[in-house]
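Enquirer: Sequence plus the predicted model coming up.
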Amino acid sequence: MSVHINPDQLVGILRDTTVALVRRDGPDLSARQLGVFLTVYLSPGPHTVRGLAQDLNVSKPAITRALDRLGELDLARRKVDPMDRRSVLVQRTLKGAVFLRDLRQTMAEAEGHVAEMPLPETVEA
């Protein structure tokens, strides 16, 4: 059985999840950092800086800056590819796996909260 979530509910889940991440102790990731993180953890690898830049349609320096921050937080790490020393592989970490687990839980809680709320009236722009 498929459950349909409308766009307003999705935005509510995103808002509640983002607010929960900002309020809690722990990493506060930018949208770009979170996008890189989720791509590394939810897409099959191996991941490279070049590949992530292509997948996300952003520059390699933008990926590098995001990976610098993820590395500082031990949510991902870079390693020189032993098969091609010019290439850098992005690896998952235990701390990153825990962060993803917690993110899933936070989103599930947000979904439950949003599902209980009445739908807002549409505002015309």
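Expert: The structure has been received and is ready for your questions.
Enquirer: so where's this structure uncertain?
Expert: Within the chain, the segments meeting pLDDT under 70 span 1-3, 115-125.
Enquirer: For it, which segments count as helices?
Expert: With DSSP state H, the ranges of helices along the chain come out as 7-23, 31-42, 49-56, 60-72, 94-116.
Enquirer: P82: which of those is closest?
Expert: helix 49-56 (16.1 Å; CB to CB). Backbone N, C-alpha and C define where each C-beta goes, glycine included.
Enquirer: Give me the contacts around the closest one.
Expert: If you take CB atoms under 8 Å, 6 or more residues apart in numbering as the criterion, helix 49-56 is touched by 35-36, 39-40, 43, 59-60, 62-64, 67, 78, 87-88, 90.
Enquirer: Check those and tell me the two furthest apart.
Expert: Using CB to CB, the contacts of helix 49-56 reach their maximum pairwise distance at G35 and S87, which is 21.0 Å.
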